[in-house]
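# Have a look; sequence and predicted model below, questions after that.
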Amino acid sequence: QVQLVESGGGLVQAGDSLRLSCAASGRTFSSYAMGWFRQAPGKEREFVAAVNWKGNTDYADSVKGRFTASRDNPENTVYLQMNNLKPEDTAVYYCAAYTTLMPTGFKNIHSWGQGTQVTVSS
C-alpha cells in the first residue's frame with residue numbers, strides 16, 4: 001500500500017508559477033513510476049505528466065514547455081513545477097503511484113493522492 005499526500009496548490013494569477021509536491025510512503029519509492037493528473041469542474045480527469053523510475057518524463061501536449069515533473073527518490077517525493085500558468089490549468093491536481101516502473105496512462109495505478117486545488121485567475 002502506498003500513501004500519497006499532495007501539497008502546494010493555491011490561487012495564482014495567469015503567468016505565475018506553482019510547485020506541487022507529492023510525498024509517498026509505504027513502498028520502495030524508487031521502484032515505481034509516478035504520475036500527475038488533473039480534473040477541472042465538469043470535466044473528466046486527464047493525464048498531465050509522468051516520471052518513470054529513472055526520472056524520465058512525459059507530458060500532455062497542453063503543458064509541454066510549461067510544466068516539469070521530477071522526483072527525489074531519497075525524499076520519496078515527486079514534484080510538478082508549473083510555470084506560465086493559464087486559467088485553463090485550473091483544476092484539482094492529483095498524484096498517482098503506478099504498480100509499474102514505466103507510466104501507463106490510467107492503467108496500473110496503485111494509489112491516488114487526495115488532490116490539491118490549483119486556481120489560475122485571468
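Cool, got the structure. Fair warning: this is a prediction, and the values are worked out from it, not measured in the lab.

# mind checking how far the nearest residue to D58 once chain neighbours are set aside is from T57?
Here the nearest residue to D58 in space, its sequence neighbours aside, is A50; by Cβ to Cβ, 6 or more residues apart in numbering that works out to 4.9 Å. (Glycine included, C-beta is placed from N, CA and C.) When distance is defined by Cβ to Cβ, to the nearest Å, A50 is 7 Å away from T57.

# Find residues that contact each of these two.
With contacts defined as Cβ atoms under 8 Å, 6 or more residues apart in numbering, the residues adjacent to both A50 and T57 are A69.

# quick one: which of those two has more around it?
When A50 is set against T57 and neighbours are counted by other Cβ atoms under 10 Å, the residue ahead is A50, at 23 against 15.

# if I pick the more buried one, what's in contact with it?
Going by Cβ under 8 Å, 6+ apart, the list of residues near A50 reads 33-36, 57-58, 69, 103.

# filter those to the buried ones?
Among the contacts of A50, those scoring as buried are 33-36, 58, 69, 103 (criterion: 16 or more other Cβ atoms under 10 Å).

# residue nearest the centroid of this protein?
What sits nearest the mean C-alpha location of the chain, by Cα atoms, centre = their mean, is W36, with 2.5 Å.

# Return the list of helices and strands in contact with whatever helix or strand it lives in.
Using DSSP states H and E, W36 falls within strand 34-39. Secondary structure elements in contact with strand 34-39, counted by 3 or more Cβ pairs under 8 Å, 6 or more residues apart in numbering; DSSP states H and E, are strand 18-25, strand 46-51, strand 67-72, strand 77-82, strand 91-98.
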